[in-house]
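1. structure for the following, please:
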Amino acid sequence: FRARLEAFSDSSGKLQLSLQEIINWLTLKDEELSEQLPIGGDVGAVQHQRDFHTAFMEDVKSRGPFIYSVLESAQDFLSQHPFVEPEETLPDNKDVSPRRRIQNASRSVWKQANVASDLWEKLTARCLDRHRHMELTLERLLELQAAMEELAGALEQGEGVRGAWEPVGDLFIDSLQDHIDAIKLFKEGLTQVKEGMKHINDLAHQLAIADVHLSVDNARALEQLNTGWKQLQGSIDERLKQLQDAHRDFGPGSQHFLSSSVQIPWERSISHNKVPYYINHQTQTTCWDHPKMTELYQALADLNNIKFSAYRTAMKLRRVQKALRLDLMTLSSTSQVFQEHDLQQSDHLLDVVEVIHCLTSLYERLEEERGILVNIPLCVDMCLNWVLNVYDSGRNGKVRVLSFKTGLVCLCNSNVQEKYKYLFKQVSGPGGGCDQRQLSLLLHEAIQIPRQLGEVAAFGGSNIDPSVRSCFRVAAGKPALEVSHFLEWMSLEPQSMVWVPVLHRVAIAESAKHQAKCSVCKQCPIRGFRYRSLKQFNVDICQTCFLTGRTSKGKKLHYPIMEYYTPTTSGENMRDFAKTLKNKFRSKQYFSKHPQRGYLPVQSVLEAESSETPSSSPRLPHADTHSRIEHFASRLAEMENQNCTFFTDSLSPDESLDEDHYLLRHSSPTLEQDSLTGQHFGDGHVLANFNCEDKDELERILARLENENRILQGEYRRLKWQHEEAAASPELADGAPGSPMGLCDDELLAEARILRQHKSRLETRMQILEDHNKQLESQLNRLRELLLQ
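-> Numbering: from 1, shown residues only. Alright, predicted model coming up:
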């Protein structure tokens, strides 16, 4: 038994020594594996670490058979000498029984075998994990390195393209769109670069999650790529923005070429809705009007001394027409340009850029057809300024096609009948007819032209309903107006449109030269309009004297008067001689009983304004300068109506007021018959819209005039009674003509005659004021009814 025990001890001891040796070696290798450096961040380092780890794994693998054999021996030993668990291991001394000693030895072998097996499994698993990690890292690093090299080449090419870009300021304006397209194409071509940059950044992020930190070189290269890509993207975006801004500011659709229309210290700028405005750097102020337009408006004030509104308006428009060079444009050329720009829908809204394009085409065609040099930027800017002043005073940046056409057609150089036909065609329906709404749109657009000059009150005001009703009376109750009806009505020169034919005659009269001498200023020959009295022989007046009301001392203007805007013929001279001879035998009462006007009056403007107003022509009473001018012009018309005089400062004391309603005719070179054109001013029949304050003021004026009339009537009765007493007195009757009493009588008679005429004027004024008051009350009643509704 002792021999068997000693043999058991020798075998178990050798087995335990082998197991302990394996445990120590596995522990050492595990420590060596733990001491290996973290996986590197570049391909070279990882490959070196992989080779070292491969050798390490080979060393571990070489010990595998020995370890497996020892573990098998331990398993065989334990199968031969099993033990019961769990029991405490007692000290191995002489007091322990042999069986217990065998149990303790078996338990020690079992424990060592378990520890060795666990260490072996863990070591081999760690080696395999590190090996797989190295392989994956090496694969990613190789992919990252290849992608970075490819992207570096692509970015280098992109940098080369960027370096070849010319400064935007050196590019031709016509090539801007091509450069914009090229930049967009170049940006689209960099889509793969963008995806590649995203891919390498994802790879770097995955490596960082796997606790693999890129090497300094790789990290620097990656950072340089990201920085270069961001800079290239920023350069592309900035370049594209610069090109687009340049194309917007300098390209075909820009307004840059209009910058030359102003000179220092002025600068042309553009608001957010493309509407131009002008900056004066000297006074540090801004304004909507072009400096030349401001000068033009100031020069128009010189024409305010013209007594007749139609002629005053026509001559102002003639100056505007010349300043805008519209007097050189024909209707055919203008309509062709409208067709080229597809301005067919009257309700369509044009923005400022579209208006500029159309005006540019107009002036370029004018320059080509006329063979003259036209300052296109100045003309386009001035015409745009005028169009916006007339039809977009609120500067919304939108103008209706009908508004734009109406403004240009009214001021272009063409036969007045052709203008009427063209304008009627713009609002007529498919069948060629025009209803009341369409006609009101046309008249509304047309009346904006004198409205902008502050002259609308003389032409029926902004309310065009009376004009529409007047025109449809010609159609004899038909629901639609035909072009023949419209031309017939326009031939009567209606009050709201009388300034159009007057403008036509003003333009023709500019070149007229009459071999006659002005009876007032002695100008010879008379240039422009010539006015011949049909009541006195050899009395001719030039247009300046007639329109401003100048008369020669001791001479009065006798009516009727014939207006000539072309040189007279011998037949016209004989005709006028016969008429003058006939009028010599007619009294003032005849002309007062047969008043004739050269225009067709329309109903008073003191009606409710039309509720339908085109959106492009905002109605803002007293909200801007033009509305205030209209209001002041309305008040001026009121005062002119109250005064009811033609030559306010030149009427003789004994001149009858009835002569103010004179007969004025004009002679046309194409018409042998007389056509009435007189009194194209219409000031005595037009009133402005009144508010409540104006009504109160009118009532105060009426009360003051009534009081003055009562005083004058009392003075008149007193003078008349004195005159009758003096006439009944025999001393006065027999007195010498040169006696003091006779002189006193003559003075009384003269004074009575003056007072009689003054009384007649005051009565007329009172009658007019009473009529106006009634119209005001009617309008107020109508407004109250509307408010109640």
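
2. list the contacts of residue 500.
-> Listed by C-beta atoms under 8 Å, 6 or more residues apart in numbering, the contact partners of residue 500 are 410, 416, 419, 446, 490. C-beta: built from backbone N, CA, C; applies to glycine.

3. please save the CA atoms from stretch 240-251 in PDB.
-> Output in PDB follows, covering the C-alpha atoms of stretch 240-251 (Å, rounded to 0.1, in the frame of the first residue of the first chain):
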ATOM      1  CA  LEU A 240     -22.300  81.700 -58.200                       C
ATOM      2  CA  LYS A 241     -23.800  84.500 -56.000                       C
ATOM      3  CA  GLN A 242     -21.500  87.100 -57.600                       C
ATOM      4  CA  LEU A 243     -22.400  85.900 -61.100                       C
ATOM      5  CA  GLN A 244     -26.100  85.900 -60.300                       C
ATOM      6  CA  ASP A 245     -25.900  89.300 -58.700                       C
ATOM      7  CA  ALA A 246     -23.900  90.600 -61.700                       C
ATOM      8  CA  HIS A 247     -26.400  89.100 -64.100                       C
ATOM      9  CA  ARG A 248     -29.300  90.700 -62.100                       C
ATOM     10  CA  ASP A 249     -27.600  94.100 -61.900                       C
ATOM     11  CA  PHE A 250     -25.800  94.100 -65.300                       C
ATOM     12  CA  GLY A 251     -27.500  91.500 -67.400                       C
END
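
4. that one: how far from the chain's middle?
-> 19 Å (C-alpha atoms, centre = their mean, to the nearest Å).

5. which strands or helices does whichever strand or helix holds residue 369 pack on?
-> Assigned by DSSP states H and E, residue 369 belongs to helix 352-370. The contact analysis (3 or more C-beta pairs under 8 Å, 6 or more residues apart in numbering; DSSP states H and E) places helix 352-370 against helix 331-340, helix 376-391, helix 401-411.

6. tell me the one of the contacts of residue 500 nearest residue 437?
-> Nearest to residue 437 out of those is residue 446 (C-beta to C-beta; 15.3 Å).

7. distance of that closest one from residue 324?
-> To residue 324, residue 446 is 17 Å away according to C-beta to C-beta, to the nearest Å.

8. go on, residue 70?
-> Relative to residue 324, and taking C-beta to C-beta, residue 70 is found at 114 Å.

9. go on, residue 477?
-> Distance, residue 477 to residue 324, by C-beta to C-beta: 41 Å.

10. what comes up buried for stretch 168-183?
-> Going by neighbour count (16 or more other C-beta atoms under 10 Å), the buried part of stretch 168-183 is 168, 171, 176, 179, 180, 183.

11. same deal with stretch 209-226?
-> 212, 214, 215, 218, 221, 222, 225.

12. same question, stretch 117-137
-> 117, 119, 120, 123, 127, 130, 133, 134, 137.

13. of those, which is the nearest to residue 328?
-> Taking C-beta to C-beta as the measure, residue 328 lies nearest residue 137 of these, at 83.3 Å.

14. surely the closest one meets residue 207?
-> Yes: with contact defined as C-beta atoms under 8 Å, residue 137 counts as touching residue 207 (6.9 Å).

15. wait, a helix at residue 165?
-> No: counting by DSSP: H, G, I helix; E, B strand; the rest coil, residue 165 is located in no helix; its state is coil.

16. residues contacting it?
-> Contacts of residue 165 by C-beta under 8 Å, 6+ apart are residue 239.

17. which residues of the chain fall in strands?
-> All strands of the chain, identified by DSSP state E, fall at 266-270, 276-280, 285-287, 349-351, 398-400, 513-514, 526-527, 530-533, 540-542, 561-564, 664-667, 675-676.

18. report the contact partners of the residue lying closest to residue 304 once chain neighbours are set aside.
-> Of all residues not flanking residue 304 in the chain, residue 312 sits nearest, at 7.0 Å (C-beta to C-beta, 6 or more residues apart in numbering). Counting by C-beta under 8 Å, 6+ apart, residue 312 touches 303, 304, 306, 455, 547, 681.

19. what pLDDT does the model give residue 739?
-> What the model reports for residue 739 is a pLDDT of 43.

20. just to revisit the earlier point, return the subset of the buried residues of stretch 209-226 lying in helices.
-> Per DSSP state H, helices hold the following members of the buried residues of stretch 209-226: 218, 221, 222, 225.

21. and the first one, how far from residue 527?
-> Spelled out, that is residue 218. Where residue 527 is concerned, residue 218 sits at a distance of 94 Å (C-beta to C-beta).

22. equivalent analysis for the third one, please.
-> Noted for residue 222: a distance of 88 Å to residue 527, by C-beta to C-beta.

23. repeat that for the last one.
-> Separation of residue 225 from residue 527 (C-beta to C-beta) stands at 83 Å.

24. and for residue 231, the neighbour number?
-> 14 (other C-beta atoms under 10 Å).

25. mind listing what it touches?
-> Going by C-beta under 8 Å, 6+ apart, the list of residues near residue 231 is empty.

26. and what of residue 197?
-> Residue 197 neighbours (C-beta under 8 Å, 6+ apart): 151, 225, 226, 229.

27. now a ChimeraX select for only the buried ones of the contacts of residue 500.
-> Of the contacts of residue 500, the buried ones go into a single ChimeraX selection, burial set by 16+ other C-beta under 10 Å:
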select :410,416,419,446,490
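
28. mind checking which of the contacts of residue 500 are in helices?
-> 410, 416, 419, 446, 490.

29. surely the first one meets residue 447?
-> I take that to be residue 410. No: counting by C-beta under 8 Å, residue 410 stays clear of residue 447, with 10.7 Å between them.

30. out of residue 477 and residue 324, which sits in the busier spot?
-> residue 324 (25 against 6).

31. list the contacts of the closest residue to the more buried one other than its chain neighbours.
-> Of all residues not flanking residue 324 in the chain, residue 383 sits nearest, at 4.8 Å (C-beta to C-beta, 6+ apart). Taking C-beta under 8 Å, 6+ apart, we find residue 383 in contact with 324, 326, 359, 408.

32. and if you look at residue 26?
-> Applying C-beta under 8 Å, 6+ apart, the residues near residue 26 are 67, 116, 119, 120, 123.

33. could you redo the last one with a cut-off of 6 Å?
-> Residue 26 is in contact with 119, 120, 123, counting by C-beta atoms under 6 Å, 6 or more residues apart in numbering.

34. would a markdown table of the residues you listed with pLDDT be doable?
-> A markdown table is the format used below for these (pLDDT from 0 to 100):
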| residue | pLDDT |
| --- | --- |
| 119 | 91 |
| 120 | 91 |
| 123 | 89 |
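
35. out of those, who's nearest residue 43?
-> For the contacts of residue 26, the nearest to residue 43 is residue 123 (27.4 Å; C-beta to C-beta).

36. what's the closest non-adjacent residue to the most centrally placed residue in the chain?
-> When C-alpha atoms, centre = their mean is applied to the chain, the residue found nearest the centroid is residue 397 (2.0 Å). In space, residue 397 comes closest to residue 273 once its chain neighbours are excluded; the distance is 3.4 Å by C-beta to C-beta, 6+ apart.

37. equivalent analysis for residue 50, please.
-> residue 134 (4.7 Å).

38. hang on, isn't the one you found packed against residue 48?
-> No: using C-beta atoms under 6 Å, residue 134 makes no contact with residue 48, being 10.3 Å away.

39. kindly export stretch 432-449 (C-alpha atoms) in CSV.
-> Extracted C-alpha coordinates of stretch 432-449, given in CSV (Å, rounded to 0.1, in the frame of the first residue of the first chain):
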residue,chain,number,x,y,z
GLY,A,432,-65.7,94.6,-81.7
GLY,A,433,-68.2,96.1,-79.3
CYS,A,434,-67.5,97.8,-76.0
ASP,A,435,-69.8,97.8,-72.9
GLN,A,436,-70.0,100.5,-70.3
ARG,A,437,-67.5,98.7,-68.0
GLN,A,438,-64.9,98.4,-70.7
LEU,A,439,-65.3,102.0,-71.8
SER,A,440,-65.1,103.2,-68.2
LEU,A,441,-61.7,101.4,-67.9
LEU,A,442,-60.4,103.2,-70.9
LEU,A,443,-61.6,106.6,-69.9
HIS,A,444,-60.3,106.0,-66.4
GLU,A,445,-56.8,105.2,-67.7
ALA,A,446,-56.9,108.3,-70.0
ILE,A,447,-58.0,110.7,-67.3
GLN,A,448,-55.0,109.8,-65.2
ILE,A,449,-52.8,111.7,-67.5
